[in-house]
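Colleague: structural data only, the sequence is not supplied:
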């Protein structure tokens, strides 16, 4: 009897493409944001993510299956395929860590609140189809909100108080989005259907609000700290660096004193605190905060062009808008949302979080002092020009398309945040704002904040750092305003392994540049390096070094005792 032949092995590129689009199909809300609208004939724009127990189990099986299939397809890969394989391996490991052990879907209500917000806001703000069609997508998703929230309540077994309270705050943003923003936007001929979908959704959201405050808030025994074993594993997948958390922490705590010493030298003859107080006093008013950011964007764009720092993308698709209310728990200051990887001609958004009208004068002044004339310029460079906007515009030109989407939706955090920090340093080194010492001192204060970000995240999650210790680090040792420090502490409790990406990425971008300069043997040119590095998309930085030179990156220097 003849033995049946085994099916031919799937090529790596075909399997990687399947992996990308299957992941988007599992996450319809993210798929809309990526520009992937239909999967096997089904409209993803009308769906919400399925987080039911059955769907969670299917995801586990799927990622385990991909782990095995990729191990069989990973022979004799090109340099680009090796980079893609590294990204995929980390993503599979991270997905299974989340599904099997961290299980945010059982403990973090902001997951559900933000999914609903993004599901409704993306079709509203992103013009991927005519308005009536996008309105139908919003209505179809609204119709699914009540069942989605029932799944949320069934899944959630406990939640730390900070997660529950932030979810309630952001959920108010969803209510406002549905009651006001979307209701006013919906075309007249669709308003009846919108009303029929919105009322049950609003009732479900209000019921979820009561559930958060009266039920889940009582089940607050879950610890927001990730704990060392889980943290170390997640750190490895998320950062994809050759440093351990302990090494990053040691380097950050060592460098903190060195940066403070540089600041003292620059501020002389004044104390650093006095110099920073003088700088902080020059700030916007709440009503001019957004216009000032737009002014700074135009100024930074012209400087980048004039100084030939990087070739600017040809599209003019960047808009400055208010941060959506349902995202302000994490983005208390600002953020960036790129154009979809599959529809790069659409809008990209630099978010600025407005000052709430109900804030006290003390809180308003604290925020405006932190995001003063100089700091707002640095924020705009980081988020937009030539930071995240330029980097992600380059990423949206990567070919083939499947590789572009892979390196977009699973982009390496240190590459992304590190570029924004590194690019800011480059502008200052090139003489931005006429080398104003106030700007340099503000940037050194930002460097302290980057160091504090890493220290906070590692110490809070793995070493039992207290709130008082965290606030002391930020207020006393890194000169942050109280409002900024309180928001950062909250952010550190809402996330894990994201805050160190700024420091690790910044340092590693400099390592990659030095590695590239050495490989060019005297032929180094800054713009050419930046253009080439950005064309690769957001790969882990050790892999970027190999892609650019064909040679491995030298090991990171280890901090001394």
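Modeller: Received the coordinates, thanks. Predicted model, so just to flag it, every value in this text is computed and none were measured. Numbering: from 1, shown residues only.

Colleague: for residue 395, which non-adjacent residue is spatially closest?
Modeller: residue 537 (4.5 Å; C-beta to C-beta, 6 or more residues apart in numbering). C-beta: built from backbone N, CA, C; applies to glycine.

Colleague: okay, domains of the protein per the record?
Modeller: 12-218, 231-504 (automatic domain parsing).

Colleague: make JSON lines out of those and add mean pLDDT and mean neighbour count.
Modeller: Below are those laid out as JSON lines (pLDDT from 0 to 100; neighbours: other C-beta atoms under 10 Å):
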{"stretch": "domain 12-218", "mean pLDDT": "96", "mean neighbour count": "18"}
{"stretch": "domain 231-504", "mean pLDDT": "94", "mean neighbour count": "19"}
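
Colleague: redo these as CSV? Include distance to residue 520.
Modeller: Below are these laid out as CSV (distance: least, C-beta to C-beta, whole Å):
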stretch, distance to residue 520
domain 12-218, 18
domain 231-504, 17
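
Colleague: and of the ones you listed, who's closest to residue 546?
Modeller: domain 12-218 (6.5 Å; C-beta to C-beta).

Colleague: how long is that closest one end to end?
Modeller: 49 Å (C-alpha to C-alpha, to the nearest Å).

Colleague: starting at the chain centroid, how far to it?
Modeller: Taking the mean of its C-alpha atoms, domain 12-218 sits 16 Å from the chain's own mean (C-alpha atoms, centre = their mean, to the nearest Å).

Colleague: quick one, phi psi at residue 38?
Modeller: phi -140, psi 140 (degrees, to the nearest 10).

Colleague: how close does the closest residue to it other than its chain neighbours sit to residue 337?
Modeller: Excluding the flanking residues, the one nearest residue 38 by C-beta to C-beta, 6+ apart is residue 44, at 6.4 Å. Distance from residue 44 to residue 337, counting by C-beta to C-beta, to the nearest Å: 18 Å.

Colleague: next one: residue 548
Modeller: Distance from residue 548 to residue 337, by C-beta to C-beta: 28 Å.

Colleague: same question for residue 115.
Modeller: 15 Å.

Colleague: kindly report the same for residue 56.
Modeller: From residue 56 to residue 337 the distance is 27 Å (C-beta to C-beta).

Colleague: specify the local secondary structure of the closest residue to residue 535 other than its chain neighbours.
Modeller: Nearest non-adjacent residue to residue 535, counting by C-beta to C-beta, 6+ apart: residue 394, 5.8 Å away. Under DSSP: H, G, I helix; E, B strand; the rest coil, the three-state class of residue 394 is helix.

Colleague: in contact with residue 394, which residues?
Modeller: Contact partners of residue 394, counting by C-beta atoms under 8 Å, 6 or more residues apart in numbering, are 313, 531, 534, 535, 537.

Colleague: what ranges do the strands span in the chain?
Modeller: 38-39, 42-43, 318-322, 334-337, 348-352 (DSSP state E).

Colleague: wait, which of those is closest to residue 446?
Modeller: strand 334-337 (13.7 Å).

Colleague: what's the burial count for residue 556?
Modeller: 17 (other C-beta atoms under 10 Å).

Colleague: got the contact list for it?
Modeller: 241, 242, 243, 247, 507, 508, 511.

Colleague: the third one and residue 430, how far apart?
Modeller: In this case it means residue 243. 28 Å.

Colleague: and what of the last one?
Modeller: Distance of residue 511 to residue 430, computed by C-beta to C-beta: 20 Å.
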